[in-house]
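Visitor: Sequence first, then the predicted structure, then my questions.
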Amino acid sequence: MTSVVLDRIQDVLPSIPRWSIKVVVHDIAKPQQSYSSPKRYQRIVFADGSGQKAMATIFDNDISKFEKVFVLFETYKISNAKITPLAEKYNKFGYPYQWIITARTAISREIRHAIPRSAMNLNFASIGQLKSNTQNDELKDVLVIVIEKRAMRTIVAFGKQHIVRDFAVINQDKKPVILTLWNSVAETEGKMIEEAEENMPIIRATRLSVSSYYGISLASTPTTAITVDPQIFEAQNLKNWRANNETIISDALASKEYLVHEDSFHATTEKEIYPLIDVVALKEKDKFVVRVRAKITDYDQKFFYMACNQCFSGVDAELNHSYTCASCKEDALAKPRAKLFLNIYDGSGELDVIVFGDAAAKILQVNSTMSMEMYNAGDSTDIKKLNFEMAGETFLMKLKKKENVMRNVSQTQYLVISLQLEKDMNKQPLHMDSPANNDFLNDSGTPKKTIVARKLFDEDIVDPSLPVEDDCGTSISKDL
């Protein structure tokens, strides 16, 4: 049977039994160990002459056979690789298949008729213009200098243990940020950065998510690949910038501003604190720091909701019910999560807000499991006592304002991202979106008019600032 010679990746389909195509190696990741199975795998991204990309995977024993075959940015002729559907969460290129490279796959290097590097479309994101994307549907490539290598650590997030490693990075934008690598990416690509010959190596990192942790930060995804000292023109320009801007890099290392969490209050000035009247009125902002007092006015709330233990999406299920979550698509257990409707007020007005997780449990003085057990037993929380204890306290809170449309009616909701007693300014603030939600303290309008957020949210709650964690490491951006 004659092999069909194709020019476009989009034309490589399972219905074509014999085919060949010329592609360039756009990315090649280090071999990794799956966190959900005993398999090892290595991911490669190929691109055709138009810039269209495809994901390819090599498994287990075949990895060593191709150890010295593929070279970054070189061109190859690939023939008759196995084509399989690609899970939607990994489909970042608009091509719904992946190629499985095995020992039977025909591969030859193209030297005389290579795809020019100008066709590879190496678009690097400007760090200075990064914006948080909590839906994780727009991944970024960056070219940066690693200026600090922080120690690997283990955290528990969403009921699982994860390996995390942070690196401080900078480029010509002069805005240092944290790059967080997760799990297999932390172990493989992170080790490669650690062992780089240069103390401050230049790296190319692809398919990163952007989060609001540390103000703005970057995080690996399951398809992230990192190249140390990439041999490209842009990297040489960055090397020259590094040599001519040692003072800027030294100042960034000395100040360590990249480690200041967005929700930290320690550097908050009076000008950055908004009265509630402005929180309601201002349309161009969605996050505010406020100085308020608080009380519980809804005596009928449950103080918890049942949630997916992976992504905190609300679910109508019994404790420990096992199911596949419709939101994050992961195997999940139904667990209680602390939730509190709170009324806050200052001299300009009052608002109803919603508090989750650690912060809610701290105010309630019980964890979510205890709240559930008390509710099921018909025992009531002593709200009068809680209000009495809060009456003399002033809180600093960071609020997130969000417009929702339900039943064709636009409504505004206010979520407490973090909170802190003003008298405890030197301590770590509590965050609504802490992933530790099992045990306390591991638990995880118009002015003068209350906005009833309860009817807006009810039990269908997902913390809006939480991206979803995938098997091999993604953009979970919270580490308390």
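Guide: Received the coordinates, thanks.
Visitor: Leaving out the residues flanking it, which one is nearest to Ile248?
Guide: By the measure of C-beta to C-beta, 6 or more residues apart in numbering, the closest residue to Ile248 outside its immediate chain neighbours is Lys174, 5.7 Å from it. All C-beta spots, glycine's among them, are computed from the backbone N, C-alpha and C.
Visitor: And Thr412, by the same measure?
Guide: Counting by C-beta to C-beta, 6+ apart, Thr412 lies nearest to Glu403, which is 5.8 Å off, once chain neighbours are set aside.
Visitor: hey, where'd the strands end up in the stretch 51-200 of the chain?
Guide: Counting by DSSP state E, counting those that start in this stretch, residue ranges of the strands within the stretch 51-200 of the chain are 53-59, 75-79, 82-85, 97-101, 106-110, 140-149, 153-157, 160-170, 177-182.
Visitor: Ala334 contacts Tyr305, correct?
Guide: No. Counting by C-beta atoms under 8 Å, no contact exists between Ala334 and Tyr305, whose distance comes to 10.1 Å.
Visitor: More neighbours: those two, which one.
Guide: Comparing Ala334 with Tyr305 by neighbour count (other C-beta atoms under 10 Å), the higher total belongs to Tyr305, at 23 against 20.
Visitor: State the distance from the more buried one to Tyr323.
Guide: Distance check for Tyr305 against Tyr323: by C-beta to C-beta, to the nearest Å, it reads 16 Å.
Visitor: can I have the top strand by length along the chain written out in CSV, keeping just the CAs?
Guide: Longest strand in the chain, counting residues (DSSP state E): strand 331-345. What follows is strand 331-345, C-alpha atoms only, in CSV (Å, rounded to 0.1, in the frame of the first residue of the first chain):
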residue,chain,number,x,y,z
ASP,A,331,-12.2,10.6,40.5
ALA,A,332,-13.4,12.3,43.7
LEU,A,333,-14.8,11.9,47.1
ALA,A,334,-17.6,14.1,48.6
LYS,A,335,-16.2,16.0,51.6
PRO,A,336,-17.5,18.8,53.7
ARG,A,337,-16.0,22.2,53.1
ALA,A,338,-16.4,25.2,55.4
LYS,A,339,-18.6,28.0,54.0
LEU,A,340,-19.8,31.1,55.8
PHE,A,341,-22.1,33.9,54.8
LEU,A,342,-20.8,37.0,56.7
ASN,A,343,-22.0,40.6,56.9
ILE,A,344,-19.3,43.2,56.9
TYR,A,345,-19.6,46.9,57.6
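Visitor: list the buried ones in that strand?
Guide: Taking 16 or more other C-beta atoms under 10 Å as the basis for neighbour counts, the residues of strand 331-345 that come out buried are 332-345.
Visitor: what's the closest of these to Ala254?
Guide: The shortest distance between Ala254 and any of these, using C-beta to C-beta, involves Ile344 and amounts to 37.7 Å.
Visitor: check contacts around that closest one.
Guide: Ile344 makes contacts with 276, 290, 292-294, 350-351, 353, 395, 397, as judged by C-beta atoms under 8 Å, 6 or more residues apart in numbering.
Visitor: what's downstream of the helix or strand hosting Asn240, the next helix or strand?
Guide: Element membership for Asn240, per DSSP states H and E: helix 233-244. Scanning forward in sequence from helix 233-244 by DSSP H and E, the next helix or strand is helix 246-255.
Visitor: What is the burial count for the residue lying closest to Trp19 once chain neighbours are set aside?
Guide: Spatially, and ignoring its direct neighbours in sequence, Trp19 is nearest to Val4 (4.8 Å; C-beta to C-beta, 6+ apart). Other residues within reach of Val4, judged by other C-beta under 10 Å, total 13.
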